[in-house]
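Asks: have a look; sequence and predicted model below, questions after that.
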Amino acid sequence: MNQLVGKQVLVTGAGNGIGRDLSVAFAKTGARICVTDINDDAPAETVEIIKTNGGEAISESLDVTDPENVREVRDRLLESFGPLDILINNAGILRAGGFETVSLEDHLEVFEVNALGPMVLTHAFLTDLISRRESYVVNIVDAAAIIGLPKASSYAASKSAMLSLGDCLRAELYDAGHRHVRVLSVCPGIVNTDMFHGAIAPKMTEVLDRRKLAKQVVDSVRRGSVALPKIGGQ
């Protein structure tokens, strides 16, 4: 997908952090961005940043764990924005602490947002993505999906589920002949976001700059190939 001008992109959890930087980075290529977040005010802030820089964007309040809300947003987008070319599943949360000290409710919420959210979004938009000449599902996973992360067990496990979903979907689309729909799983380490505030990168690694990460994702989509070893995909 060398040419991103006019492509329709939806980013979840785009009110701040990586989601905001991804939205801004894709908007700079000429793509049209639908900025979504569960926080009603945050998406509008991201849209303002994009428009100030000459980009095109709209905002939607979106709870990725609510299938009815997701369907409503999808229907509105089809009417006023058009079918998606790129779906970016970025929304995620972390509840840090020893497994037994974190409440069961918090563990389950992490799984709802991080694992079930991408499933709900992808299920709702996949038909639209298949209908396009070329399209992408981009899942913002984490290295914790591959290497265990102590005191963040539900987060790591939910990201493993997200990674597996992407792997399965990629193979299924390929076998079904929908090879124009690519699935990219982004697996960075510690990123300089509020969610990882105070976290120390493991030995032999460094804290990643989220703006550089966003640019790497854009470059990967443009080339249809992997930008760095930290990013895995088809």
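Replies: Nice, I can see it.

Asks: show me where pLDDT drops low in the protein?
Replies: Applying pLDDT under 70 to the chain flags the ranges 189-207, 225-234.

Asks: where do the strands of it begin and end?
Replies: 8-11, 32-37, 56-61, 86-89, 135-140, 181-186, 231-233 (DSSP state E).

Asks: what residues does the second one touch?
Replies: With Cβ atoms under 8 Å, 6 or more residues apart in numbering as the contact definition, strand 32-37 has outside contacts at 6-16, 19, 23, 26-27, 43, 46-47, 50, 55-62, 73, 77, 81, 84, 91. Backbone N, C-alpha and C define where each C-beta goes, glycine included.

Asks: need the strands of the chain in JSON lines with distance to Met162 and mean neighbour count, can you?
Replies: Output for the strands of the chain, formatted as JSON lines (distance: least, Cβ to Cβ, whole Å; neighbours: other Cβ atoms under 10 Å):
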{"stretch": "strand 8-11", "distance to Met162": "16", "mean neighbour count": "26"}
{"stretch": "strand 32-37", "distance to Met162": "17", "mean neighbour count": "27"}
{"stretch": "strand 56-61", "distance to Met162": "22", "mean neighbour count": "19"}
{"stretch": "strand 86-89", "distance to Met162": "7", "mean neighbour count": "28"}
{"stretch": "strand 135-140", "distance to Met162": "6", "mean neighbour count": "26"}
{"stretch": "strand 181-186", "distance to Met162": "8", "mean neighbour count": "24"}
{"stretch": "strand 231-233", "distance to Met162": "12", "mean neighbour count": "20"}
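
Asks: in JSON lines: those strands, plus distance to Lys215.
Replies: Output for the strands of the chain, formatted as JSON lines (distance: least, Cβ to Cβ, whole Å):
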{"stretch": "strand 8-11", "distance to Lys215": "15"}
{"stretch": "strand 32-37", "distance to Lys215": "15"}
{"stretch": "strand 56-61", "distance to Lys215": "18"}
{"stretch": "strand 86-89", "distance to Lys215": "14"}
{"stretch": "strand 135-140", "distance to Lys215": "14"}
{"stretch": "strand 181-186", "distance to Lys215": "12"}
{"stretch": "strand 231-233", "distance to Lys215": "11"}
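
Asks: select, out of those strands, the one closest to Leu129.
Replies: Nearest to Leu129, of all the strands of the chain, is strand 135-140, at 4.1 Å by Cβ to Cβ.

Asks: strand partners (parallel or antiparallel) of the closest one?
Replies: Partner strands and pairing direction for strand 135-140 (DSSP bridges) are strand 86-89 (parallel), strand 181-186 (parallel).
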